[in-house]
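Colleague: from the sequence below, what's the structure:
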Amino acid sequence: DRAFLLSVFSGARYRLANDPRGAGLPGKKTLYTHLSQVDKHQHMVLQNIEVVRKFGITTDNLTVDFFIPDEARKWAAELFHGCGIQTDDVVVHVHPTARWLFKCWDDASMARLIDWLLLQGFWVIMTSSSSEKEMKKSKKISSLVGEPRRFLDLSGQTTIKQLAAISAQSTLFVGVDTAPMHIAAAVGIPVVALFGPTGELEWGPWGSQHIILTKKMRCANCHAEICEGLELRECMEAITVDEVVAAVKEILWSRGKPVLTEGVSDNG
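Modeller: Below you'll find the model as predicted:
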């Protein structure tokens, strides 16, 4: 209901939305000026375009953009230069946390993936929001990383624009279903996205260069309702380090970046 309340209090003359069909606050439907009937079995980008297209607002440009101000780009460039990151170096932006922790992978697996990336000679920059629960999770992951070289833990230390600038200057992004994952896709780098409780069809990274890893469970896309209270969802636990490593290799090979076969995985 957040978007609905914002639209009402905005004072906008026209308020367009998909028909809530009884969902949300009582009377919600009556406070929009125009309603669409949208097919929800498609990506959210397409759903939102379909809402406004029915009222004459449309576009043939389906790219998503995220503006990064010059000061944020300069900050990221100075960060990379100060750490000794070279132009040809592989830099992996890892964002392991989300506002809702039920979306997250387990800490030990994320740490093993980071170790594998570092052992390839890649740089890893890890970020998270400054919320207490996300910081706690990211710090646990950081403590499990055994290879400190070329590993930068910037958890809780960046603004949204700085985080976007890090992604824009990185080679690829690895993370879960969260806003920084969408930002990485919007600034143009390939994404390896780990999905479980939420729907990858609707919320996957937008674009064709990305890899989504998910497991088809009997409780697929439960949005935490069935697994409420469990620290780690079965669907996320089922994703292995080997599978994420394979996805990273596929993206890097497609971009002409050499990848060693040795490293840390589920069996290493």
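Colleague: C-alpha from now on. contacts and neighbour counts both.
Modeller: Noted.
Colleague: mind listing the helices for the chain?
Modeller: Using DSSP state H, the helices of the chain run over residues 2-10, 44-53, 70-83, 107-119, 132-144, 160-168, 179-186, 200-203, 234-237, 241-254.
Colleague: compare the ones you listed and give me the one nearest Leu35.
Modeller: Closest approach to Leu35 among the helices of the chain is made by helix 44-53 (7.6 Å; CA to CA).
Colleague: that older thread, including mean pLDDT and mean neighbour count, could the helices of the chain go into JSON lines?
Modeller: JSON lines is the format used below for these (pLDDT from 0 to 100; neighbours: other CA atoms under 10 Å):
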{"stretch": "helix 2-10", "mean pLDDT": "87", "mean neighbour count": "12"}
{"stretch": "helix 44-53", "mean pLDDT": "92", "mean neighbour count": "16"}
{"stretch": "helix 70-83", "mean pLDDT": "98", "mean neighbour count": "14"}
{"stretch": "helix 107-119", "mean pLDDT": "96", "mean neighbour count": "23"}
{"stretch": "helix 132-144", "mean pLDDT": "96", "mean neighbour count": "17"}
{"stretch": "helix 160-168", "mean pLDDT": "98", "mean neighbour count": "23"}
{"stretch": "helix 179-186", "mean pLDDT": "97", "mean neighbour count": "24"}
{"stretch": "helix 200-203", "mean pLDDT": "90", "mean neighbour count": "16"}
{"stretch": "helix 234-237", "mean pLDDT": "85", "mean neighbour count": "18"}
{"stretch": "helix 241-254", "mean pLDDT": "96", "mean neighbour count": "17"}
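Colleague: would you mind giving those as JSON lines with distance to Thr33 added?
Modeller: Shown next, in JSON lines, are these (distance: least, CA to CA, whole Å):
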{"stretch": "helix 2-10", "distance to Thr33": "10"}
{"stretch": "helix 44-53", "distance to Thr33": "12"}
{"stretch": "helix 70-83", "distance to Thr33": "39"}
{"stretch": "helix 107-119", "distance to Thr33": "46"}
{"stretch": "helix 132-144", "distance to Thr33": "39"}
{"stretch": "helix 160-168", "distance to Thr33": "33"}
{"stretch": "helix 179-186", "distance to Thr33": "29"}
{"stretch": "helix 200-203", "distance to Thr33": "25"}
{"stretch": "helix 234-237", "distance to Thr33": "40"}
{"stretch": "helix 241-254", "distance to Thr33": "45"}
